[in-house]
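J.: just coords:
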């Protein structure tokens, strides 16, 4: 009876009643359009077709799109690029909708900012999730925003259902009202959507072992019924095509034929008879299709923003479709066009919109109705993205030029090696076809505004075989007119040093083949600081001591102070120089680094009194976060240590912070993931390991503060055993811990 009443009330005959070849042809003729699809697709990140299908179905619901636009996000911080991390789901969804509305059909929209706002990592994009589950998660996330405050989510998608239980033999009745945002309907054993709905609301008899526990009456036979109290304007229906097969002992996909009508009248499924002026006739708006089996597959969606106008959205492709393609072809069942076999492509979710609400659900969203801050933000992001894209496309025409000045050498931190860190030097994007002569007239006046070309000498840097990068030679007249792209071709960036003419000089001294151009540093062992002094030009026949005397003069120190000299070959290779040796004998030339320090017997030197010691300290220096093993989430404190420190040294440093004995500190080393390693170190291991061994690849160190000495704990003694052992020792007992343990046992 329910089926006949529904069929009589429906304005269109159900497809299953008249599903012949002639009807398919008529429907195809009615729905076929030759118009070019102006809609925009979504880019698949790997396995996000289910997300793309859901987003397209939500986007074309104009009421939902307008509500998303209206969520206040003007206070969200700007992002450096569209690919940057964004924590606001609402803003990320606004961006996707805006790009779908105002983008071009030739350029698919990226969903990466949206999935990043979910907290997904790159690997999550290759894991296919259930589209119904994702729909609920997304709706719930938006419901926690302004969409909940104005009731948009509930107004569009939420309905109410009444579950009633009655016991015919006693006077007992129970009624419960529940809110739903989608329906899950059975496919197995049902020919179509109407039969499945009939089964959904069919009374269930609770008898035998399934009797109902009625309050005050105990277990009773009962009848459970279900009816809709209110229905939402947008009705989401999930078809149960995935389930567990007990015979196969595995999950399977049900590909049985299951028809669904283009129009659906649900008046007779309401608990109360609807009023004369109300109607619950729905039009099929979207068909979300799954193609494949239970372990793999692909999702795409058909959407009809207007009656009879179907469009297919398959990731980045958006094309017109017919009603036959959108509806009839997705019933499932047996493929009759070829050898008889099951269709693996069929509808998984259906979206219906209430006909009387179509004007409020589906309308043109004008740009004027979008908040101005969104338009300006997304237009600015689009312009920045286009600029970055153009830069990437033209990158082969340009080269970064990094110009180093003496001020950069002077500001180079003493905790770093070499004389400059090129990552700290601002790159200038210059066409490769331009010459250094062009650079002098275009770039240098901006960098050195009060100088002319005669007061600036440019140097080239060269990467050495040992991995260091040092000054190589002044730019020659021939190099001045060569294209920038041809200079130092092995280096990705062109690195220059800009030497400024001293005010006391009229012109630069020529660098001859018998000259060295030494970068000089000064090390202060008292303050443990290393700083740049000057680039010194000197004959190769002069001695290292002569160079040291010049350094003392520049530092305004007495010239008779004894000094030590070291060459910084690399960070790990520092060699002492003989002061009486010539620069030629020491094989010093252009770009080499020489470090001087006082040679004095000072009593209050720091732990690294000599240059090589200081360099080793810098290489091994590390900031370590110290954690208690029982509370590993927050560090107890941080220590400045050396990776070469022994177990005992580190224990002493930690014990000093805790005001306890170092013998009561026990460490656990770390493994990947910065988690404590379960194995304890033996006494032999503790005597041989360093801090580097404890840290591995982490800067986290876990400790336990023991009640007794670590030696006592290692011996396996309890509290009483520790007291007896102490008495043995106080009495002068000569036995070792093992003998003591044997006696106690």
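T.: Received the coordinates, thanks. For clarity, every value in this text was computed on a predicted model and none was experimentally measured.

J.: drop to CA atoms for contacts and neighbour counts, all remaining ones
T.: Will do.

J.: Spell out the secondary structure type for residue 289.
T.: Assigned by DSSP: H, G, I helix; E, B strand; the rest coil, the conformation of residue 289 is strand.

J.: now it, nearest residue through space, not along the chain?
T.: Spatial nearest neighbour of residue 289, excluding adjacent residues (CA to CA, 6 or more residues apart in numbering): residue 347 at 4.4 Å.

J.: Would you mind giving the secondary structure of the one you found?
T.: strand.

J.: Tell me if I'm right that it and residue 286 touch.
T.: No: counting by CA atoms under 8 Å, residue 347 stays clear of residue 286, with 9.9 Å between them.

J.: how much space is there between residue 434 and residue 481?
T.: Look at residue 434 and residue 481: by CA to CA, to the nearest Å, they are 9 Å apart.

J.: helix/strand/coil for the closest residue to residue 349 other than its chain neighbours?
T.: Leaving out its chain neighbours, the residue that sits closest to residue 349 by CA to CA, 6+ apart is residue 238, at 4.5 Å. With three-state DSSP as the basis, residue 238 sits in strand.

J.: and residue 238, bridged to which residues?
T.: Residue 238 has these beta-bridge partners by DSSP bridges: residue 184, residue 349.

J.: What distance do you get for it to residue 325?
T.: On the measure of CA to CA, residue 238 and residue 325 end up 20 Å apart.

J.: Show me which of those two is the more surrounded one.
T.: It is residue 238, of residue 238 and residue 325, that has more neighbours when counted by other CA atoms under 10 Å, with 20 against 17.

J.: so the residue nearest to residue 635 when sequence neighbours are not counted is in which element?
T.: The shortest distance from residue 635 to any residue other than its chain neighbours is 4.5 Å, reached at residue 627 (CA to CA, 6+ apart). Using DSSP states H and E, residue 627 maps to strand 621-628.

J.: and what of residue 384?
T.: Short version, using DSSP H and E: residue 384 is in helix 372-393.

J.: Show the contacting residues for the closest residue to residue 691 other than its chain neighbours.
T.: Leaving aside its sequence neighbours, residue 691 sits nearest to residue 643 (CA to CA, 6+ apart; 4.8 Å). Applying CA atoms under 8 Å, 6 or more residues apart in numbering, we find residue 643 in contact with 620, 621, 622, 690, 691, 692.

J.: show me the contacts for the first one.
T.: The neighbourhood of residue 620, defined by CA under 8 Å, 6+ apart, consists of 642, 643, 644.

J.: which of those residues lies closest to residue 228?
T.: Residue 228 has its nearest neighbour among those in residue 643, at 69.9 Å by CA to CA.

J.: pLDDT wise, what is residue 344 at?
T.: Listed pLDDT for residue 344 reads 87.

J.: Count the neighbours of the nearest residue to residue 581 once chain neighbours are set aside for me.
T.: Leaving aside its chain neighbours, residue 581 sits nearest to residue 543 (5.4 Å; criterion: CA to CA, 6+ apart). For residue 543, the count of nearby residues is 20 (other CA under 10 Å).

J.: And residue 587, by the same measure?
T.: Residue 587: 10 neighbours (other CA under 10 Å).

J.: Residue 233 and residue 285: what is the separation?
T.: For residue 233 relative to residue 285 (CA to CA), the value is 12 Å.

J.: quick one, which of those two is more surrounded?
T.: Each of residue 233 and residue 285 has its neighbours counted (other CA under 10 Å); residue 285 has more, 26 against 23.

J.: quick check, the more buried one in a helix?
T.: No: counting by three-state DSSP, residue 285 is not part of a helix but strand.

J.: give the contact list for it.
T.: Taking CA under 8 Å, 6+ apart, one finds 303, 304, 305, 307, 350, 351, 352, 353 in contact with residue 285.

J.: how near is the residue nearest in space to the middle of the chain to residue 89?
T.: The residue lying closest to the centre of the chain (CA atoms, centre = their mean) is residue 121, at 5.3 Å. Distance of residue 121 to residue 89, computed by CA to CA: 15 Å.

J.: what distance separates stretch 509-524 from the centre of its chain?
T.: 48 Å (CA atoms, centre = their mean, to the nearest Å).

J.: before we move on, back to that, could you measure from the residue nearest to residue 349 over to residue 58?
T.: Residue 238 is 15 Å from residue 58, by CA to CA.

J.: can you check residue 49 too?
T.: For residue 49, the distance to residue 58 - CA to CA - is 14 Å.

J.: Could you do residue 159 as well?
T.: Computed as CA to CA, the residue 159 to residue 58 distance reads 18 Å.

J.: more neighbours, those two?
T.: Using other CA under 10 Å, the more surrounded residue of residue 159 and residue 58 is residue 159, with 21 against 17.

J.: give me the beta-bridge partners of the more buried one?
T.: Beta-bridge partners, per DSSP bridges, of residue 159: residue 180.

J.: I'd say it and residue 153 touch.
T.: No: with contact defined as CA under 8 Å, residue 159 does not count as touching residue 153 (10.7 Å).

J.: Could you tell me the end-to-end distance of stretch 502-522?
T.: 21 Å.

J.: quick one: average pLDDT of that stretch?
T.: Mean predicted confidence for stretch 502-522 is 88.

J.: For it, buried residues please.
T.: Residues of stretch 502-522 classed as buried by neighbour count (16 or more other CA atoms under 10 Å): 515, 516, 517, 518, 519, 520, 521, 522.

J.: The first one touches residue 536, doesn't it?
T.: No: using CA under 8 Å, residue 515 and residue 536 do not qualify as a contacting pair, with a distance of 10.1 Å.

J.: quick one: contacts for the residue nearest to residue 349?
T.: Neighbour list for residue 238: 132, 182, 183, 184, 185, 348, 349, 350 [criterion: CA under 8 Å, 6+ apart].

J.: And the pLDDT at it?
T.: 92.

J.: and what of residue 639?
T.: 92.

J.: for the helix holding residue 384, packing partners?
T.: Other helices and strands packing on helix 372-393, by 3 or more CA pairs under 8 Å, 6 or more residues apart in numbering; DSSP states H and E, are absent; none qualifies.

J.: and whatever helix or strand comes next after it, how far from the chain's centre?
T.: Later in the chain than helix 372-393, the nearest helix or strand by DSSP H and E is strand 398-404. Distance of strand 398-404 from the chain centroid (CA atoms, centre = their mean) equals 30 Å.

J.: what's around residue 40, how many residues?
T.: Using other CA under 10 Å, residue 40 has 24 other residues around it.
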